[in-house]
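1. one predicted model, sequence on top.
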Amino acid sequence: MSTPSIAAGAYRMTSALAGANQDMKAQTPTTGGADFANMVKSAVETVVDQGAKSDAQALAMTQGKANVVDVVTAVAETEVAMETLVSVRDRVISAYQEIMRMPI
């Protein structure tokens, strides 16, 4: 699979997550202070922004305007951001499953 198609798939996934987050926010009354949904939204937006920067660097390289080192660095930063987001997601799912296993 090529890098642009991987990036497109990642954007599609994060857009779907962001859209689901907006739907949940519309249904849930908000309270004062920072909440978990805003934190997740911010993390997803950061990953999407990092991916966009990576794509821009790759496009600039194909046009001869960027250095290969800059492209590799941008892609590596995007990969780290995505892995971090997936790791947090896995931990949240694990915590939810553990809570569901608790006796009432």
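-> Ah, there it is. Numbers count the residues shown, from 1 in each chain.
2. which elements pack onto the longest helix seen in the chain?
-> Ranked by residue count under DSSP state H, the longest helix found in the chain is helix 68-101. Here helix 68-101 touches helix 36-62, going by 3 or more CB pairs under 8 Å, 6 or more residues apart in numbering; DSSP states H and E. Any C-beta I mention is one placed from the backbone N, CA and C, and that applies to glycine too.
3. buried set for the helix it packs on?
-> Judged by neighbour count using 16 or more other CB atoms under 10 Å, the buried positions of helix 36-62 are 40-41, 43-44, 47-48, 50-51, 54-55, 57-58, 61.
4. farthest-separated two in these?
-> Pairwise distances across the buried residues of helix 36-62 peak at 31.9 Å for V40 and M61 (criterion: CB to CB).
5. where in this protein is pLDDT low?
-> 1-10, 12-14, 16-33 (pLDDT under 70).
6. let's see 80
-> Within the chain, the stretches with pLDDT under 80 are 1-34.
7. related to what we said a few turns ago, need the buried residues of helix 36-62 in CSV (columns: distance to V88).
-> Output for the buried residues of helix 36-62, formatted as CSV (distance: CB to CB, whole Å):
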residue, distance to V88
V40, 8
K41, 13
A43, 7
V44, 10
V47, 11
V48, 15
Q50, 15
G51, 17
S54, 20
D55, 23
Q57, 25
A58, 26
M61, 30
